[in-house]
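Student: all I have is the shape, not the residue letters:
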Ligand SMILES: Cc1ncc(COP(=O)(O)O)c(C=O)c1O
């Protein structure tokens, strides 16, 4: 039986669809298919939403990270990356001529463990890629920022899960030197594929604009860097712009679904959830629960699909468990392993109905009880 409640699904309201179809018509009529008014509007509104002075649209979060690492001077040094991250957080460091150094996570925040940052930093460390995993900015964010600032390290926020997330009044992407976002199909804002760099550094803004268009200077037209065609075309900018107009409403719906899950799963034996302190706006890209280590998480995930039509899966594998990155397993990444291995994400997207959320939570409780 195919899952009747998918874990993630792109969402386009009726209003968004009308705006997008109208916009695509305008692009076709004008013939301006790249770096035109839609990219400009998207960047303006994205920067305003994030609280940064600039935003540069690009082809993916991965390219956004590549551009930022090059600008911030990672080459030749080490970059601290959490073991609970996406695979390209590691790849970008390698492509950028740096050595990725994996850091364990704090199980309460799913982000860098500040104590392990202290253990892993060396005189060669150039900076950090800080992942707001599942859409939560670490409640210990000030410790992470202080760690970077004290040592003069760059701090890139990987906001692929965290469009619109906030920590004590600061939006994801406005805390470090730059925020990198993904518009991949499952993300909080999607244009099929795409990404964004948000920053208040005008030199990074300029560098990113050159890098995304073959390294060409906007003033002279000369090729001044080895760039690529990493810009976001007008069609995708039009779709992403319509999504950004409704980002707050889409996050509010995700938060309402999360509240239903919280109520249904509170005090259920064998199931724990993340604590989100007051003052933190979780964007809920994913809604993870963590099963007791005695429970067979793989079997329960499978049973949710076959018995209830509820799609559920782990947040990610720890990156050092991916075949290509096994050499980065130094035996210290225990909390990342422990938390990710027993994580299970329930369906989360703006179109989920209250009844579907209640059914998914009830299915999880029933399957856990079978083994408890
Ligand atoms: C945390 C994180 N960073 C980066 C990426 C890469 O995003 P993109 O596909 O836009 O390059 C992803 C994609 O899933 C991700 O989850």
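Tutor: Cool, the structure landed. What you are looking at is a predicted structure, and each value in this text was computed from that prediction instead of being measured.
Student: report the contact partners of the residue nearest to residue 113 when sequence neighbours are not counted.
Tutor: Excluding its sequence neighbours, the residue lying closest to residue 113 (Cβ to Cβ, 6 or more residues apart in numbering) is residue 106, at 4.4 Å. For the C-beta atoms, the positions are set from N, CA and C on the backbone; glycine is no exception. Taking Cβ atoms under 8 Å, 6 or more residues apart in numbering, we find residue 106 in contact with 112, 113, 114, 138, 140, 335.
Student: quick check: residues of this structure near the ligand?
Tutor: 60-62, 86, 88-89, 131, 158, 160-161, 182, 184, 195 (Cβ under 6 Å from any ligand atom).
Student: any chance of JSON lines for those, columns distance to residue 305 and pLDDT?
Tutor: Shown next, in JSON lines, are these (distance: Cβ to Cβ, whole Å; pLDDT from 0 to 100):
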{"residue": "60", "distance to residue 305": "29", "pLDDT": "98"}
{"residue": "61", "distance to residue 305": "28", "pLDDT": "98"}
{"residue": "62", "distance to residue 305": "29", "pLDDT": "98"}
{"residue": "86", "distance to residue 305": "23", "pLDDT": "98"}
{"residue": "88", "distance to residue 305": "27", "pLDDT": "98"}
{"residue": "89", "distance to residue 305": "28", "pLDDT": "98"}
{"residue": "131", "distance to residue 305": "27", "pLDDT": "99"}
{"residue": "158", "distance to residue 305": "29", "pLDDT": "99"}
{"residue": "160", "distance to residue 305": "25", "pLDDT": "98"}
{"residue": "161", "distance to residue 305": "23", "pLDDT": "98"}
{"residue": "182", "distance to residue 305": "26", "pLDDT": "98"}
{"residue": "184", "distance to residue 305": "23", "pLDDT": "98"}
{"residue": "195", "distance to residue 305": "30", "pLDDT": "98"}
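Student: so residue 196: helix, strand or coil?
Tutor: strand (DSSP: H, G, I helix; E, B strand; the rest coil).
Student: what bridges to it?
Tutor: Note on residue 196: beta-bridge partners by DSSP bridges are residue 57, residue 181.
Student: check the gap between the residue nearest to residue 113 and residue 330 for me.
Tutor: Going from residue 106 to residue 330 by Cβ to Cβ, to the nearest Å gives 18 Å.
Student: before we move on, back to that, which one of the contacts of residue 106 sits closest to residue 153?
Tutor: Closest to residue 153 out of these is residue 112 (12.0 Å), distances taken as Cβ to Cβ.
Student: surely that closest one meets residue 138?
Tutor: Yes: with contacts counted by Cβ atoms under 8 Å, residue 112 reaches residue 138, the gap being 7.0 Å.
Student: overlap of the contact sets of the two?
Tutor: 106, 130, 144.
Student: low-confidence stretches in the protein?
Tutor: Applying pLDDT under 70 to the chain picks out residues 1-3.
Student: can you name the next helix or strand after the strand ranked longest in it?
Tutor: As assigned by DSSP state E, the longest strand anywhere in the chain is strand 125-131. The first helix or strand that comes after strand 125-131 along the chain, using DSSP states H and E, is helix 141-150.
Student: residues in contact with that following helix?
Tutor: Helix 141-150 has contacts (Cβ under 8 Å, 6+ apart) with 111-112, 114, 117-118, 121, 127-128, 130, 138, 153-155, 167-168, 170, 175-176.
Student: list the residues that contact the closest residue to residue 7 other than its chain neighbours.
Tutor: In this structure, residue 7 finds its nearest non-sequential neighbour in residue 311, 4.2 Å apart by Cβ to Cβ, 6+ apart. Applying Cβ under 8 Å, 6+ apart to residue 311 gives the contacts 3, 5, 6, 7, 304, 305, 347.
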